[in-house]
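Student: Based on what follows, work out the 3D shape:
(chains A, B and C)
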Amino acid sequence: MTEFSFFARDADFSVAEIAALTGAEPCEGADLSRRVSGIAPVDQAGATDLSFVSENKFLASLRSTGAGVVLTTERFARHAPEGVAVLRVRKPYDAFVAVARRIYSGALRPASMFGTVGVSPGAMVHPTAELAEGVTVDPFAVIGPSARIGAGSLIGAHAVIGPGVRIGSDCAIGAKCTVTHSQLGDRVILHPGCDIGQDGFGYLLSAEGHTKVPQVGSVVIHDDVEIGSGTRIDRGGIRDTVIGAGTKIDNLCQIGHNCIVGRHCIIVAQSGLSGSVTLEDFVVLGPRTGIIPHITIGKGAITAARSTIYENVPAGQFWGGFPAKPKKKWLREVVALEQLAARARKHSDEPNST
Amino acid sequence: MTEFSFFARDADFSVAEIAALTGAEPCEGADLSRRVSGIAPVDQAGATDLSFVSENKFLASLRSTGAGVVLTTERFARHAPEGVAVLRVRKPYDAFVAVARRIYSGALRPASMFGTVGVSPGAMVHPTAELAEGVTVDPFAVIGPSARIGAGSLIGAHAVIGPGVRIGSDCAIGAKCTVTHSQLGDRVILHPGCDIGQDGFGYLLSAEGHTKVPQVGSVVIHDDVEIGSGTRIDRGGIRDTVIGAGTKIDNLCQIGHNCIVGRHCIIVAQSGLSGSVTLEDFVVLGPRTGIIPHITIGKGAITAARSTIYENVPAGQFWGGFPAKPKKKWLREVVALEQLAARARKHSDEPNST
Amino acid sequence: MTEFSFFARDADFSVAEIAALTGAEPCEGADLSRRVSGIAPVDQAGATDLSFVSENKFLASLRSTGAGVVLTTERFARHAPEGVAVLRVRKPYDAFVAVARRIYSGALRPASMFGTVGVSPGAMVHPTAELAEGVTVDPFAVIGPSARIGAGSLIGAHAVIGPGVRIGSDCAIGAKCTVTHSQLGDRVILHPGCDIGQDGFGYLLSAEGHTKVPQVGSVVIHDDVEIGSGTRIDRGGIRDTVIGAGTKIDNLCQIGHNCIVGRHCIIVAQSGLSGSVTLEDFVVLGPRTGIIPHITIGKGAITAARSTIYENVPAGQFWGGFPAKPKKKWLREVVALEQLAARARKHSDEPNST
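Tutor: Sure thing, here's the model as predicted:
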């Protein structure tokens, strides 16, 4: 359906260049001078597209592909139609991504929605805010008193940067993000509609009503963090809420006050960390994982989709279930319950059963 | 508490007209010339209101209702107080809705928040954007380069329409929606705070850190789709993310990259589709349903509240649970576990049990 | 990392004043004239900070704390280093909060993001809107026709107040909130990115497609309600959606149309109420609680994290699980299943088992 091209293609590559870039080996007969300028799935690719195949389920599509160049494994290489330039490589998807990142280098970071250069005349930047060189500010962004924005960063349309907020260099703050009481490192990406730094959920409960606890910590987000659309990170109560370098957080997640998230974690969509949760480095939370307060997830631990974590998870383990436990144990319980119900049913189906 | 009327009443109807419109049959003594200009629940309705009763639990309210006109079934008709005009019909709620849609025709699509006519002087429309006739643009909306907006569409306050986005005719884009890398059909409604078209969550994971995979697909939303407040739809990685015609999505849902949602699906609040999920036509997902990647839900299948789908669901089936399975099987397991725990408790309560 | 101070300190207090304010008793040797001007956790506190200790796990930190003043219990008091002014009190955290609320009185309610006084020249206020004395309107806020804003309220940057909306006095409407078809009481706080008053999710389903039911109720929010970032409250279908006085709702919650939430409820993050749910007063919903339509949760009832409520919960009970049941019963089932799986495993490990 598309006529307008949403993505600029910043470079094109010959088969020889792709081989050099990825370590892939051209198959016999591959035209080393053939060039590709785009990427596409193997069933949709055309003559100027690069594609890849690494799974059996795409074998049929490979056999009839119109792709100009295909990255694939030894095993699948001979199934490509004649005329397709085939490159053999152990990890075709990794090689494909390496080339895609070059062709679409502009897609690695969100850009201005308005083609803005510099500060849009429609934005409001407080006179006491400091913008480094090469900052782009889209229409209707608001940058508050004493905020500082690092070189090369983009502040999206309608983003609100609160008083005193520090944003590093080469960041992209998405449209309609609110960032308050926070310090961001370099190359941080926030997709549209994130709210970072608002009050944590803290009250003294009583039978007469609930008393708000002032939330006077902040949010610290280290370098190379990427945060999905609609995710919320509350500032700390009296400590800071911290997101470690290189961590990637998907859409619509909730990070409660005082959480410490380590480096290079992956938090998939709609997950929620209650207050004072600690994730050590390289933790992977499957989608819709929930964690109760004051829990620690050990280094490199993984959770299955919709895990509910009620106790600390040791480093390196894979947990799942509700309440979550080691994955094998959880799956044994799933099977045991299934068998129990099947036996109960068989009993009740027997004419003479009691 | 209301003094200001939030909803214009666009028409009023006589009992005779309601009968004609809905096929309902006026009961003996109903004043065919009585007119209603509003709707209300049977316990709150006044003399100029239309109401309905289709369930036993509203019988007491029916007996004392002050409604001018009531649509109900044969069974309940005789319980209305004298003086109420009663119309008998097999499906009172359907008939009620048919009339309500006429009285409140203005409530079927969100309207300008500012009484704007044409393009608000506070909006920023890029000179290369194309607006068809009768487009309304509310204050502070941003419409980017080469975007095209179809006739009669409303772009809400603070909405951001990215470069090259196509929006069909008679759409309503809610306040503070961001729409990028997307094509929308006609009569699409987005409620406030949706983000459509941002990057999907794609990385190559490694022990040294994670590498972003450029997301160069788009989002295609077909005619008559309605999307609830705060819902996120990520654009595809190399394919498109597609929402089929007539599908209705509730608030705070997550639709991952490359998902294909069929026609006339219903996706209830806080549900989440991981990447590359397929819903065939007329699927109904109960609230908080979660689906892991690469799953297909067959035509007309239904899921119970908080189902977690770990495997393909065949067409027409009703599934529930975690992990989800056919509903009857799930409920048998719920019962079997309950009985198991009750037996275990009985044992432990016996004085001589081991 | 912070250089800029995000939080003004509005007062400082001597040990004698803290004792008077909280009823705490200074320990022998405490310097009654020592003053604190900030708060900090016991392991991070400095000489001008107030801290507290109420749990064993902070005992080691207490022994080496640099805090100027510590509130703690009889039991821990003797463990503070010499030179720290120690105040004994039965509930140290409550006392600590009482002082913190005085020191950081400005943190009890969100403030302007731009240092705005009065109505920002960048805001758009409809000529028919009425603003009482002392209203602050941040840049790019939109206030629609016939809206009324009470004295001392803050309308945040990019907030959208729809036609006819009533907002009471001393409210704080966060950045990028949309409030339509609603009436808010006094001292209501909405954190950034809430949407209040949009259409509920109502359709007549059919095999030919789904028909939108006009949603002509409103939202009524009573005094002293606080609502977290990204939460959605849909307006009623024909009744109103109501949030009772003093209720606190966390981030990313969903409140469906026609819900009636009582007074002083606590709804923790990512919870979801389907349509027509009733919470009586003082209900506490743990994080990620989900409730199906037409359920009533009795006064003072509590739900565990990720409860899924499929039936009415009696007043005062603590429920958990999926489907939820009384907590003890749920936990017995968790244990029974664990034991069943362990037995099954033992059997299958035996060499001669069938």
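
Student: List the contacts of the residue nearest to A:Ser307 when sequence neighbours are not counted.
Tutor: Distance criterion CB to CB, 6 or more residues apart in numbering or on different chains; nearest residue to A:Ser307, sequence neighbours excluded, is A:Ala324 at 4.2 Å. Quick note: C-beta positions are derived from backbone N, CA and C, even for glycine. Residues in contact with A:Ala324 (CB atoms under 8 Å, 6 or more residues apart in numbering or on different chains) are A:Thr303, A:Ala304, A:Ser307, A:Thr308, A:Ile309, A:Tyr310, A:Val313, A:Trp330.

Student: quick one: contacts for the fourth one?
Tutor: By CB under 8 Å, 6+ apart, A:Thr308 lies in contact with A:Thr289, A:Gly290, A:Ile291, A:Ile292, A:Gly321, A:Phe322, A:Pro323, A:Ala324, C:Arg288, C:Ala305, C:Arg306.

Student: give me the number of residues near the second one?
Tutor: Applying other CB atoms under 10 Å in any protein chain shown, we find 26 other residues in the vicinity of A:Gly290.

Student: The fifth one too?
Tutor: A:Gly321 has 22 neighbouring residues, counting by other CB under 10 Å.

Student: can you give me the angle the helix ranked longest in chain A makes with helix C:327-349?
Tutor: Ranked by residue count, the top helix of chain A under DSSP state H comes out as helix A:327-349. Interaxial angle of helix A:327-349 relative to helix C:327-349 (axes from the mean of the first three to the mean of the last three CA atoms, to 10 degrees): 90 degrees.

Student: in helix A:327-349, what's buried?
Tutor: By neighbour count on 16 or more other CB atoms under 10 Å in any protein chain shown, the buried set for helix A:327-349 is A:Lys327, A:Lys329, A:Trp330, A:Leu331, A:Arg332, A:Glu333, A:Val334, A:Ala336, A:Leu337, A:Leu340, A:Ala341, A:Ala344.

Student: Which one of those residues is nearest to B:Leu71?
Tutor: A:Ala341 (44.0 Å; CB to CB).

Student: List the contacts of the closest one.
Tutor: A:Ala341 neighbours (CB under 8 Å, 6+ apart): B:Lys329, B:Arg332, B:Glu333, B:Val335, B:Ala336.

Student: one step back: who wins on neighbours among the contacts of A:Thr308?
Tutor: For the contacts of A:Thr308, the largest neighbour count, defined by other CB under 10 Å, is 33 neighbours, found at C:Arg288.

Student: Show the contacting residues for that residue.
Tutor: Counting by CB under 8 Å, 6+ apart, C:Arg288 makes contact with A:Gly272, A:Gly290, A:Thr308, C:Val268, C:Ala269, C:Gln270, C:Ser271, C:Ala305, C:Arg306.

Student: Pretty sure the first one sits against C:Ala269.
Tutor: Yes: in this structure, A:Gly272 is within contact of C:Ala269 by CB atoms under 8 Å, at 5.7 Å.

Student: Name the residues contacting each of the two.
Tutor: The contact sets of A:Gly272 and C:Ala269 overlap at A:Gln254, A:Gly256, C:Leu252, C:Pro287, C:Arg288 (CB under 8 Å, 6+ apart).

Student: number of nearby residues for A:Arg187?
Tutor: For A:Arg187, the count of nearby residues is 20 (other CB under 10 Å).

Student: Let me see the ranges of the helices in chain A.
Tutor: Under the criterion DSSP H, chain A contains helices at A:15-22, A:59-63, A:74-77, A:92-103, A:327-349.

Student: what would the ones you listed look like in JSON lines with mean pLDDT and distance to B:Ala30?
Tutor: Below are the helices of chain A laid out as JSON lines (pLDDT from 0 to 100; distance: least, CB to CB, whole Å):
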{"stretch": "helix A:15-22", "mean pLDDT": "98", "distance to B:Ala30": "79"}
{"stretch": "helix A:59-63", "mean pLDDT": "97", "distance to B:Ala30": "65"}
{"stretch": "helix A:74-77", "mean pLDDT": "96", "distance to B:Ala30": "74"}
{"stretch": "helix A:92-103", "mean pLDDT": "97", "distance to B:Ala30": "69"}
{"stretch": "helix A:327-349", "mean pLDDT": "93", "distance to B:Ala30": "53"}
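
Student: can you tell me which of these comes nearest to A:Ala172?
Tutor: Nearest of the helices of chain A to A:Ala172, taken as CB to CB: helix A:92-103 at 16.1 Å.

Student: ok and that closest one relative to helix A:15-22, angle-wise?
Tutor: Using the same axes, to 10 degrees: helix A:92-103 against helix A:15-22 is 110 degrees.

Student: Tell me the gap between helix A:92-103 and the middle of its chain.
Tutor: Offset of helix A:92-103 from its chain centre (CA atoms, centre = their mean, to the nearest Å): 18 Å.

Student: which other residues reach it?
Tutor: So helix A:92-103 is contacted by A:9-13, A:18, A:21-24, A:36-39, A:50-54, A:71-73, A:87, A:89, A:108, B:204, B:211-214, B:216 (CB under 8 Å, 6+ apart).

Student: A:Leu190 is in contact with A:Val179, isn't it?
Tutor: Yes: judged on CB under 8 Å, A:Leu190 makes contact with A:Val179 at a distance of 7.4 Å.

Student: which neighbours do these two share?
Tutor: Taking CB under 8 Å, 6+ apart as the contact rule, A:Leu190 and A:Val179 both touch A:Ile173, A:Ile196.

Student: Within range of chain C, give me the residues from the stretch 1-150 of chain A.
Tutor: Contact residues, the stretch 1-150 of chain A versus chain C (CB under 8 Å from any CB of the partner chain): A:Met124, A:His126, A:Phe140, A:Val142, A:Gly144, A:Pro145, A:Ser146.

Student: now these in a markdown table, with distance to C:Ile227?
Tutor: Shown next, in a markdown table, are the residues of the stretch 1-150 of chain A next to chain C (distance: CB to CB, whole Å):
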| residue | distance to C:Ile227 |
| --- | --- |
| A:Met124 | 26 |
| A:His126 | 27 |
| A:Phe140 | 24 |
| A:Val142 | 22 |
| A:Gly144 | 22 |
| A:Pro145 | 26 |
| A:Ser146 | 28 |
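
Student: Okay then, goodbye and thanks.
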